[in-house]
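> starting from these lines, generate the structure:
(one chain, ligands or ions: 1)
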Amino acid sequence: DRPTEPVFMEKGNKTVFDVPDKFLTDRYRPIGNEIQSRFGENAEQRVPVRDISLPDLRIPMSLGRDEQFSLFIPSHRRIAGRLIDIFMGMRTVDDLMSVAVYARDRVNPYLFNYALSVALLHRPDTKGVDLPSFAQSFPDKFIDSQVFRQMREEATVVPEGSRMPIVVPRDYTASDLDPEHRLWYFREDMGINLHHWHWHLVYPFEAGDRRVVDKDRRGELFYYMHEQVVARYNMERFSNKLARVTRFNNFREPIAEGYFPKMDSLVSSRAWPPRFDNTSLKDLNRELDQINLDISDLERWRDRIFEAIHQGFVVDSSGNRIPLDENRGIDILGNMLEASIISPNQQVYGDLHNLGHVFISYSHDPDHRHLESFGVMGDSATAMRDPVFYRWHAYIDDIFQEHKTRLPPYTLPQLQYNGISIARVQVSSDGGRPNVLSTFWQQSDVDLSRGMDFVPRGNVFARFTHLQHTPFTYTINVNNASGAQRFGTVRIFLGPKTDERGQPWLLRDQRLMMVELDKFIVQLNPGQNTIRRRSTESSVTIPFERVFRNLDANRPAAGTAEELEFNFCGCGWPEHMLIPKGLPEGMPCELFVMVSNYEDDRVDQDLVGSCSDAASYCGVRDRRYPDRRAMGYPFDRLPRQGADRLVNFLTPNMSLVDVVIRHDPNKTIVRQQ
Ligand code: CUO
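Purely as a prediction, here's the structure:
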């Protein structure tokens, strides 16, 4: 099942590439013609590959073909940066295809896929190209390795058409003896992990071409997207009677939570290493990865970052002071903490977040004596499976909050919208009672055959279980007393009504639990306005079909503008995870709605064909972030004096409604392919 076949055969659409002989590796050259004819028989399309002068792949090839590849490891990042540059530098699409065909059978498959994906997303001439779902190319990063044996059996023995979906066990990584395991459906959700992979694909932190990295407010979006992940995770913990996640703020303290992934890499033919309970970080000295770093390096970077926050400025690599003010501060900090190559000064502030991932992912083999690779925390496609991901990011977020809490609270004029008031908000689930949201289980089929090597070709489906909710509609009654037509941005957040002890919140804490559900622009006519908005339209999510892209029921017609948009937009929180699970007896929550003045929010730009429908967490491709306010507004800062509770925070253009999330543990719906 290792991808050993000559890869100039594209599985999905039966395309064969006609490859110049010199492109073949030594292994295939003697049998070149045979391969072409073997695959040529059932080819529907033959694509000639241009003969180009061959690129220098020495650096990309320095990572072995059967090694694991991690964006978090600096030497791997540089290797990937080189390959991205090669792909970005090709003059035409034909040349790019040639070099990709040439590289495909020579460089590490994960590295190849990553670098080519980044190039396809960033080259102006490949913007319409569809990226196959990453879960289809590398299913081994997403599901239980035992499933693969069953899938191979199904594919080799059963003819296409009579194949049954292979059911991925519901919760296979641990038992209920481990309380953390209650969160399996969140941490191990394919859509959530794909979102995270895609986010880091859209926002790489290293590339030779600075423009690939230096995007509008990318540091701030790194902060905000991950802050929201932690907020969502905390609501999920409350849905399972667990307290909010504790920060991993002492690098010398053992990590209580172990994690055993039960996955094998099809590229390295090795199991993803586990981390035992109570494992401590250790100084790293791994020659293979060119990493020689002590825990005290992390601590030094952390102390310098805190010093910069407390002094209110960072010192860039030329010695200039750059203020951490309310305009650019969070964006600079985001790039500095992550760190991306546009960090103001990596020499001084280091690479805290990325190397935190590396330290944690190597805690089982810090000096490579066991010849083991990294654990799931070392890969953006798998990191969110591990409970420690959330402890690490809760800590990273806490550093950002150290800065945010130093900014002046929003004043009333910064929150109000004169003449605009919300009279009433209601949420109604389809066929349900008002202000009750309902969740249940769903099983969906995904074709994973592309990433496997079957002799009889065709689809093999894995059926996996995920959370789902009944779609719902917001109805918002807004009064416009200004006497003229106005525009507003509707901002909708959901948060738990009480803390984990059942006590009412102080807003300074509750604000960190507020999960963005939607954000959209409305036109407000003078007088009463009734706004209706479907949950499926959320600015946070993308539909299931787009997460996996092989479920083509809703796929727009080929060649249309809608299809282009559909293809680009793999980044987005999965729609089925919009609402936290809740509790069988109902989890009390508060839904917050605000209409802010669009004149203060607007960013003048054309969004047509730009993939803007999951903009809240993913931004908009090739455009500025489409909301001028700070991300997370109005909850990104401490509340003003006198607004210590959410109810006191409200201005007339805001409203609050109690909502209950009810989970039915006995309801499972099957969505067949
Ligand atoms: Cu997304 Cu830590 O950045 O994984």
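> for this protein, which residue gets nearest to the ligand?
Nearest residue of the chain to the ligand, counting by Cβ to the nearest ligand atom: residue 383, 5.1 Å away. C-betas here are computed from N, CA, C, even on glycine.
> correct me, but residue 357 touches residue 375?
No. Applying Cβ atoms under 8 Å, one finds residue 357 not in contact with residue 375, separated by 9.8 Å.
> the ligand contacts on this protein?
Residues of the chain found near the ligand (Cβ under 6 Å from any ligand atom) are 196, 200, 226, 353, 357, 380, 383, 393.
> switch the cut-off to 8 Å
Within reach of the ligand by Cβ under 8 Å from any ligand atom, the chain has these residues: 72, 196, 199-200, 222, 225-226, 229, 338, 353-354, 356-357, 380, 383-384, 389, 392-393, 396.
> helix, strand or coil for the residue most central in space within the chain?
Central residue of the chain (Cα atoms, centre = their mean): residue 196, 1.8 Å from the mean position. Following DSSP: H, G, I helix; E, B strand; the rest coil, we place residue 196 in the helix state.
> what of the one 5 residues further on?
Applying three-state DSSP to residue 201 yields a three-state assignment of helix.
> show me what whichever strand or helix holds residue 546 is packed against.
Assigned by DSSP states H and E, residue 546 belongs to helix 544-548. Contacts defined by 3 or more Cβ pairs under 8 Å, 6 or more residues apart in numbering; DSSP states H and E place helix 544-548 against helix 190-202, strand 436-447.
> give me the mean pLDDT for the longest one.
Spelled out, it's helix 190-202. Averaged across helix 190-202, the pLDDT comes to 93.
> from the chain's centroid, how far away is it?
3 Å (Cα atoms, centre = their mean, to the nearest Å).
> cool, and the shortest one?
Its chain's C-alpha centre and that of strand 436-447 lie 20 Å apart, by Cα atoms, centre = their mean.
> ok, now stretch 211-228?
Centroid separation between stretch 211-228 and its chain, computed with Cα atoms, centre = their mean, is 12 Å.
> pull out the buried positions in that stretch.
Buried residues in stretch 211-228, counting neighbours by 16 or more other Cβ atoms under 10 Å, are found at 212-213, 215, 217-228.
> quick one: which of the residues you listed sit in strands?
If you go by DSSP state E, the buried residues of stretch 211-228 have nothing in strands.
> those residues in helices, which ones?
Secondary structure from DSSP state H places 212-213, 218-228 of these in helices.
> now do the phi/psi pair for residue 527.
In terms of degrees, to the nearest 10, the main-chain angles of residue 527 are phi 90, psi -150.
> do you know the pLDDT at the closest residue to it other than its chain neighbours?
Take residue 527 and drop its neighbours on the chain: the residue closest to it by Cβ to Cβ, 6 or more residues apart in numbering is residue 480, 6.4 Å away. Per-residue pLDDT puts residue 480 at 98.
> swap in residue 450?
Residue 450 is assigned 73 on the pLDDT scale.
> buried residues in the helix holding residue 546?
Quick answer for helix 544-548 (16+ other Cβ under 10 Å): 544, 546-548.
> averaged pLDDT, that helix. What do you get?
What helix 544-548 shows for mean pLDDT is 81.
> repeat for stretch 653-660
For stretch 653-660, mean pLDDT rounds to 98.
> ok, and for that stretch, which residues are buried?
Residues 653-657, 659-660 are the ones in stretch 653-660 that count as buried (16+ other Cβ under 10 Å).
> which residues touch that stretch?
If you take Cβ atoms under 8 Å, 6 or more residues apart in numbering as the criterion, stretch 653-660 is touched by 415-417, 420-422, 424-427, 435-437, 476, 488, 494, 497, 582, 586-596, 646-647, 650.
> from these, which land in strands?
Here DSSP E is the test, and those give 420-422, 424-427, 436-437, 476, 488, 494, 587-596 as lying in strands.
> which among these count as buried?
By neighbour count, with 16+ other Cβ under 10 Å, the ones in strands among the contacts of stretch 653-660 hold 420-422, 425, 427, 436-437, 476, 488, 494, 587-596 as buried.
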